[in-house]
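Enquirer: Have a look; sequence and predicted model below, questions after that.
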Amino acid sequence: MGFPSSGGAILATLFATVVSARDLRLDGGAVGWDRNKWRVTTDRVMGGRSTGQVIFEDNGATMKFFGNLNVVGGGFAYVGRDIPRVNLSSYAGIVVEVETIAFSGDAPFGLDL
């Protein structure tokens with residue numbers, strides 16, 4: 001039994017918000033995404049049958065991650081990247097913007113930082 005998540009767009013703009021008026025861009029936003037640093041991993045690494053794909057649209061401003069989850073033999077798919085170590089002690093927090101669209105089925109959607 002599969003749970004389609006086609007169109008489940010991730011629009012996760014990552015910023016560290018500084019106490020002053022300056023922001024530190026980690027990825028995404030008006031500058032766009034560092035496309036070559038993102039990777040898709042699915043349950044196929046352990047024999048599952050889920051799929052996932054990431055594409056960039058709107059001249060790189062939007063990252064979309066979509067695929068199909070199959071809970072027989074695993075049931076996960078994600079997109080991720082490594083963020084270099086950054087001293088964030090002078091920042092007030094991290095801003096993440098995520099939008100999901102056209103999601104169906106009972107499969108959970110999650111965001112891990």
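Expert: Looks like it came in fine.
Enquirer: which stretches of the chain have low pLDDT?
Expert: With pLDDT under 70 as the threshold, the chain has low-confidence stretches at 1-21, 101-109.
Enquirer: Let me see the ranges of the strands in it.
Expert: Secondary structure of the chain, counting by DSSP state E: strands at 2-4, 13-18, 23-27, 39-42, 51-57, 62-70, 77-80, 91-97.
Enquirer: Check what contacts the fifth one and list those residues.
Expert: By that I understand strand 51-57. Counting by CB atoms under 8 Å, 6 or more residues apart in numbering, the neighbours of strand 51-57 from elsewhere in the structure are 32-33, 35, 38, 40-42, 44, 62-68, 77-79. From N, CA and C alone the C-beta is placed, and that goes for glycine too.
Enquirer: Quickly list what Gln53 is bridged to.
Expert: On the basis of DSSP bridges, Gln53 takes part in beta bridges with Phe66.
Enquirer: Quick check: it vs Met46, distance?
Expert: Taking CB to CB, to the nearest Å as the criterion, Gln53 is separated from Met46 by 19 Å.
Enquirer: more crowded one of those two?
Expert: Gln53 (13 against 9; other CB atoms under 10 Å).
Enquirer: Roughly how far does the more buried one sit from Thr42?
Expert: Taken as CB to CB, the spacing of Gln53 relative to Thr42 amounts to 10 Å.
Enquirer: number of nearby residues for Ser90?
Expert: Residues near Ser90, counting by other CB under 10 Å, number 11.
Enquirer: my bad, Thr51
Expert: Taking other CB under 10 Å as the neighbour definition, Thr51 ends up with a count of 19.
Enquirer: overlap in contacts of Gln53 and Thr42?
Expert: With CB under 8 Å, 6+ apart applied, the overlap between the contact sets of Gln53 and Thr42 consists of Gly67.
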